[in-house]
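Student: Predicted model, plus sequence, below.
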Amino acid sequence: MDTFRRYNPLHTCMMGVASVLLLLFTLLPAAAHATPKALVMKPFAQLSDESKECAACHKDSNPSIYAQWGRSKHYGANVGCYECHQAAPDDPDAITHEGHSIAVIVSPKDCANCHTQEVEEFAASHHAKAGQIIGSLDNFLAEVVEGALTMNGESPAAVNGCWQCHGSEVKVMENGDLDPATWPNTGIGRINPDGSVGACTACHQRHEFSMVQARRPEACGKCHLGPDHPQKEIYEESKHGINFFANVDRMNLDSGKWIVGEDYDAAPTCATCHMSATRELPITHDVGDRISWTLRPAISEKIDAKAIASGQETKSWQARRADMEKVCDSCHTKPMVDNFYQQFDSLVELYNDKFARPGKALMTVLKEEQMITDTGFDEEIEWTWFYLWHHEGRRARHGAAMQAPDYVQWHGMYEVAERLYIEMVPQFLELVEHAEHEGNVEGAERARAVLDEILARPEHAWFSGNEPEEVKAARKEAQAAFKARYVEDNKSH
Amino acid sequence: MDTFRRYNPLHTCMMGVASVLLLLFTLLPAAAHATPKALVMKPFAQLSDESKECAACHKDSNPSIYAQWGRSKHYGANVGCYECHQAAPDDPDAITHEGHSIAVIVSPKDCANCHTQEVEEFAASHHAKAGQIIGSLDNFLAEVVEGALTMNGESPAAVNGCWQCHGSEVKVMENGDLDPATWPNTGIGRINPDGSVGACTACHQRHEFSMVQARRPEACGKCHLGPDHPQKEIYEESKHGINFFANVDRMNLDSGKWIVGEDYDAAPTCATCHMSATRELPITHDVGDRISWTLRPAISEKIDAKAIASGQETKSWQARRADMEKVCDSCHTKPMVDNFYQQFDSLVELYNDKFARPGKALMTVLKEEQMITDTGFDEEIEWTWFYLWHHEGRRARHGAAMQAPDYVQWHGMYEVAERLYIEMVPQFLELVEHAEHEGNVEGAERARAVLDEILARPEHAWFSGNEPEEVKAARKEAQAAFKARYVEDNKSH
Amino acid sequence: MDTFRRYNPLHTCMMGVASVLLLLFTLLPAAAHATPKALVMKPFAQLSDESKECAACHKDSNPSIYAQWGRSKHYGANVGCYECHQAAPDDPDAITHEGHSIAVIVSPKDCANCHTQEVEEFAASHHAKAGQIIGSLDNFLAEVVEGALTMNGESPAAVNGCWQCHGSEVKVMENGDLDPATWPNTGIGRINPDGSVGACTACHQRHEFSMVQARRPEACGKCHLGPDHPQKEIYEESKHGINFFANVDRMNLDSGKWIVGEDYDAAPTCATCHMSATRELPITHDVGDRISWTLRPAISEKIDAKAIASGQETKSWQARRADMEKVCDSCHTKPMVDNFYQQFDSLVELYNDKFARPGKALMTVLKEEQMITDTGFDEEIEWTWFYLWHHEGRRARHGAAMQAPDYVQWHGMYEVAERLYIEMVPQFLELVEHAEHEGNVEGAERARAVLDEILARPEHAWFSGNEPEEVKAARKEAQAAFKARYVEDNKSH
């Protein structure tokens, strides 16, 4: 759909109730400084003839769509079916339906007609690149390892899996229909036929586009859950989540402004910390705006590191953290927030230094010495390393970021340690030994040296039985001192 | 309990309030076409003397039972304790309690006195066979591998595990008490002392038997969750679940008719799609009535395949799918529903063709060549294969069926692929090698040929490093073209 | 903070509304036998000057804290900021803030000024020892295996993981600030600067300290969830959890007395069974008071066993179970409760006898014969054994305790069995073989004898293919008889 679409709508009178409501709303003095943007920017006096025509059928054939729309703010503003679904005849996905040129997909470009700022913020976010990332990288897992190009030239593993979160590249078939391999899809980085990026419906489910729904943790949980990024599970374990579910009726989720500390105070949701307004910060649709670490890659770095390295301008991690701390301040005192960030940072650095960098060094030497093939995921150690950082290492880091101790420990660091010591090291040594037998003696020597250097570090010495006696003694002494201080009678444990 | 039980109840006047309510209800003209079945079929004018006697004690000894019943529709219809719990003296589980012949278990046969149609539908469903399946198959896992027959001749692993979902065969001990190995049990396919099958309380928890509770997703989650059939988790990830939790107050869950698109429109629950009424479909207690694939076995097939193969009459998968599409239509347009089913089908077929059939072929040749014993689960590869189809393969298929991308990918296909390539293939080769060493040279040759044929297929060629150069080139080209189309600046990723 | 802190408060008049409410409350005759303890013990006529001073700033700088307090019962009793946060100048964690001596941490010692009985009960509980346990034992996993002492001499894995549930030993730095390695921390067994133990905020989140929040299952789920103690997940699967979520609006969670069977009847929460009042039992803050088994250790024993063995007085397991049964009685009849406990006991005993004792015997002989080092977690079999009892074995036992069949079976006994037969036995044999090669022939013989004796037991005979023919035949016969009884036509399965 193109921007001009709404330039020539025909309006007729039909929905008197809506009009009166609109009028009342406009006249209310209190509404003056809280008027929804859509009303200001595109007030439609009446529902259009076209929308009335759409509704006449669809209220019978798909009654829930009609009902959802009837609850939406769109209804009150006379934004009907046609206002969003109309298309120029030469739009790539335009179809002729009952005499009208319409498009099935309402893209961010369409939404931007009214919601300009939101779409601009979104377009600048990491979310907007989710489809490009999955499409431009070699999606070897879904297309080759797990899949096969059996559905219109695409892999069903990507179609039903990856793309449903990351977004598909929606294709229009020769007959004008949307390619079923690429749609239905509401992945957040969807690449639309009109060239725009994103799917507002990823979070704002059609056809009510409810703020209440988008602000709840479940909305983010459509993608941010599971073994590799269990943010939803972590939130549910955290005190933030506990208090949300206990106080959901007091969350005032349908408030327009929804400022933490003004409109609600019981708990934050995902949206509160990452997107919504505080007394000092505006709403943003750039979800990374207040994030200081990237916890996604094998080795975490500050969120601005890549941009700085490539000479790009970006908001610094310090500025992002400062903004996040403004959210924290709504409910917590400064010493608590400062100390929390020291705790969180320490965990990320421990993971980086003790496990991620060593793991990466092991993989690098294996590849350099051609002890593993160029093909990904055909050797066990590649899966081992992937689990370590992509699943378990993320869980530990996310758990520390959002205060879910179980994810730090049992779902996280405990499994990270097992993965390195009990799986990765033996698998590494087996590959090295095999290569040595095959004649790569020098390479084997070099690879072993890499591992030896790692295992000789103080934090790994225990594993080889080389922990210095004084370290052991100090630990025992600390325990004894602790017991002397506190533990009188612990026998019944 | 037998059918005649309710033929001669004695009624006396006690609960005036209930009677007046009943009267009012009957007189209300609007109630004419919405009268609950129970009232039509078995209107009791007053609470029976027997029930009054029960209540007199139990309201003190077990007050919550009394309170739950007080909230139930049964209360309003004067269906009291005795109306359900009465027994003929020669009923297998009849006991004499305070001078009355009663039975602890109220079976579907009892419920059918009023709820005839529901029980008939249930009896025709797969649910009704759940207890027979677990009892008649060799429940080797629970009885032998995990368990031992240490509780009244039964395995505690079955008693506390399998049977609590599938249903026990309830036994009456010589002293008339129910065998604790077999009861408490509310497994859906429970085999009752009266010979009837099922436990209505599996879903309709006593003693309120609330529609609200049974329609919520948690009701199904008593059994449909966990590593091998995570339908509840999948629902919670899906947009259906997201919208349910955001809009639960608008779900109108206590509506008698509860027709999607009329009485609610925010989201479906499990019941909506599989059981409840639509504008075109009646309620059914046969949960498979709208299901087109069976996603349970190692290799999925259309739900009518077994029946057709054995010459039985059954509702065709196409007719079942057509009915499910009627549910979808309430909220979605036809192109979306059609495309969705193509996506879902493609994933099931990918799983079947790339992983399930090859896995089964490998297991078959191992067994035929006696490279594994006849005993199940005593070799590692048997666990490997079981995890592949019973846990991970189901997760992928269920995830595609109900739109939870994380279950398709990270809990599903990703683990399926790892299981086949990294675990099953090496374990297979080790068994073959061992057999060869033991002298079964021909068998080893045949087994290797089976594996070689599988790995030579185009979808597996990557694993052996034999992916044709043109395939690799085409993939690289597609990526380059994608990048040229969309990705201007992705450096900050 | 010390007990004398509240002996000399200055009170002035400010919050008239609160006072009037307090007055009304006091005058209401019905309130006579339900007056909250805090009002009886420490009625403050007005908010103190100091608290007014605190609030004047903090209502702006941290508005949600102020709002949460405004909703609390503390507000109504004029218990303000200063009443809880005041400190004697020589308190270990006292700081001077705006001219006042205050402490950031409000410890159970402080809370005990009003809530004496609750703190006393808590102090006698297992919960109160959670910090001592983690501090006095060699926390080898978090400090050595997973961690390193990189954060002020502590391991970030402990700081962000273990301690957030178990509790840190809070340290005051030289500058008077709290050591960020040890705070923020609300672990339930936290060791506070004043020497007291516990963190009431572990469950009663500041600053509302809401009963509703503490009584909900999510409160306990802050720690009781995850792979090693999934009580929250188990509750959610159970019929108790299903009914809670369906009936949360009827749970009357904000009732002061909250007696099951009087104030609510739809479902219990964790608090109901383990802590809250019944018609016969008082509230207790000793969560183990009604628990009969300990399901935590490798081998379960009755909860009083350790105390009896060491000659300590303790409430017997029978008395604890009798109390729990009083809770059950509110909603269940005696035969059901009795039978349930037989089912539960049978599972614990099966796990103990078939898996836990044999597993422990294998580990013991390995250690005695020095086939594994003294260092924990440096050999694979140590992880294997830990997973068996600490993760999977607990899941099975907890699942049986709280009626979640999936946790008994697929998350529990199924994985326990795989762990023993498919992982532990081969790893054991490999270690023995290795030791034999190294010359420990006698030890190898002894170790193999231990394993052989275990595997020769009837419950393990199947694994070695030695199941007696008559046992197999009996099983087949039972199946055939079952089929003859019930299964007419199961072909469509």
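Tutor: Okay, I see it. Numbering: from 1, shown residues only, chains lettered A, B, ... in the order given.
Student: hey, C-alpha coordinates of stretch A:343-356 in PDB?
Tutor: The C-alpha trace of stretch A:343-356 is given here as PDB (Å, rounded to 0.1, in the frame of the first residue of the first chain):
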ATOM      1  CA  GLN A 343      25.800  -7.700  40.200                       C
ATOM      2  CA  PHE A 344      24.500  -8.100  36.700                       C
ATOM      3  CA  ASP A 345      27.700  -6.800  35.100                       C
ATOM      4  CA  SER A 346      29.800  -9.200  37.200                       C
ATOM      5  CA  LEU A 347      27.800 -12.200  35.900                       C
ATOM      6  CA  VAL A 348      28.100 -11.200  32.300                       C
ATOM      7  CA  GLU A 349      31.800 -10.700  32.700                       C
ATOM      8  CA  LEU A 350      32.300 -14.000  34.500                       C
ATOM      9  CA  TYR A 351      30.400 -15.800  31.700                       C
ATOM     10  CA  ASN A 352      32.500 -14.000  29.000                       C
ATOM     11  CA  ASP A 353      35.800 -14.600  30.600                       C
ATOM     12  CA  LYS A 354      35.500 -18.000  32.100                       C
ATOM     13  CA  PHE A 355      33.400 -19.800  29.400                       C
ATOM     14  CA  ALA A 356      32.600 -17.800  26.200                       C
END
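Student: So residue A:154 versus residue A:163, what's the distance?
Tutor: To residue A:163, residue A:154 is 9 Å away according to CB to CB, to the nearest Å. C-beta: built from backbone N, CA, C; applies to glycine.
Student: Residues that sit against both of these two, list them.
Tutor: Any residue near both residue A:154 and residue A:163 by CB atoms under 8 Å, 6 or more residues apart in numbering or on different chains counts here, and that gives residue A:182.
Student: quick one, which of these two is more surrounded?
Tutor: Set side by side, residue A:154 and residue A:163 show more neighbours around residue A:163, with 32 against 24, by other CB atoms under 10 Å in any protein chain shown.
Student: Excluding sequence neighbours, find me the nearest residue to that one.
Tutor: Distance criterion CB to CB, 6 or more residues apart in numbering or on different chains; nearest residue to residue A:163, sequence neighbours excluded, is residue A:187 at 5.4 Å.
Student: What are the neighbouring residues in contact with the one you found?
Tutor: Residue A:187 makes contacts with A:130-131, A:163-168, A:199, A:202, as judged by CB under 8 Å, 6+ apart.
Student: doesn't residue C:218 make contact with residue A:245?
Tutor: Yes - with the criterion set as CB atoms under 8 Å, residue A:245 and residue C:218 qualify as a contacting pair; they are 5.1 Å apart.
Student: Quick check: neighbours shared by those two?
Tutor: Shared between the contact lists of residue A:245 and residue C:218 (criterion: CB under 8 Å, 6+ apart) are residues residue A:236.
Student: Looking at these two, which is more packed in?
Tutor: For residue A:245 versus residue C:218, the count of surrounding residues by other CB under 10 Å is larger for residue C:218: 22 against 17.
Student: What sits closest to that one if chain neighbours are left out?
Tutor: With CB to CB, 6+ apart as the criterion, residue C:218 has its nearest non-adjacent residue at 4.4 Å, and that residue is residue A:242.
Student: from the chain's centre, how far out does the helix or strand that neighbour falls within sit?
Tutor: Applying DSSP states H and E as the criterion places residue A:242 in helix A:239-246. Centroid separation for helix A:239-246 versus its chain: 20 Å, with CA atoms, centre = their mean, to the nearest Å.
Student: Would you tell me what the next helix or strand after it is?
Tutor: Next along the chain after helix A:239-246, taking DSSP H and E as the criterion, comes helix A:270-274.
Student: And the contacts of that following helix?
Tutor: Here helix A:270-274 has contacts from A:214-215, A:217, A:219-220, A:224, A:231, A:235, A:260, A:287, A:289-291, A:324, A:327, using CB under 8 Å, 6+ apart.
Student: ok, so of the residues you listed, who is nearest residue C:208?
Tutor: Lowest distance from residue C:208 to these (CB to CB) belongs to residue A:260, with 15.4 Å.
Student: low-confidence ranges in the stretch 201-350 of chain A?
Tutor: Applying pLDDT under 70 to the stretch 201-350 of chain A picks out no residues at all.
Student: mind listing the helices in it by residue range?
Tutor: With DSSP state H, counting those that start in this stretch as the definition, the stretch 201-350 of chain A shows helices at residue ranges A:211-215, A:217-220, A:231-237, A:239-246, A:270-274, A:305-309, A:317-329, A:334-350.
Student: so does stretch A:50-64 get close to chain B?
Tutor: Yes - contact of stretch A:50-64 with chain B is found when judged by CB under 8 Å from any CB of the partner chain, involving A:58, A:61-64.
Student: any chance of these in CSV, plus distance to residue B:471 and secondary structure?
Tutor: Compiled in CSV, the residues of stretch A:50-64 next to chain B are given as follows (distance: CB to CB, whole Å; DSSP: H, G, I helix; E, B strand; the rest coil):
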residue, distance to residue B:471, secondary structure
A:58, 44, helix
A:61, 44, helix
A:62, 42, coil
A:63, 48, helix
A:64, 44, helix
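Student: are any of the residues you listed buried, and which?
Tutor: Neighbour-count burial (16 or more other CB atoms under 10 Å in any protein chain shown) applied to those gives A:58, A:62-64.
Student: will you turn those residues into JSON lines that also has pLDDT and distance to chain C?
Tutor: Shown next, in JSON lines, are these (pLDDT from 0 to 100; distance: CB to the nearest CB, whole Å):
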{"residue": "A:58", "pLDDT": "96", "distance to chain C": "33"}
{"residue": "A:62", "pLDDT": "94", "distance to chain C": "29"}
{"residue": "A:63", "pLDDT": "95", "distance to chain C": "26"}
{"residue": "A:64", "pLDDT": "96", "distance to chain C": "23"}
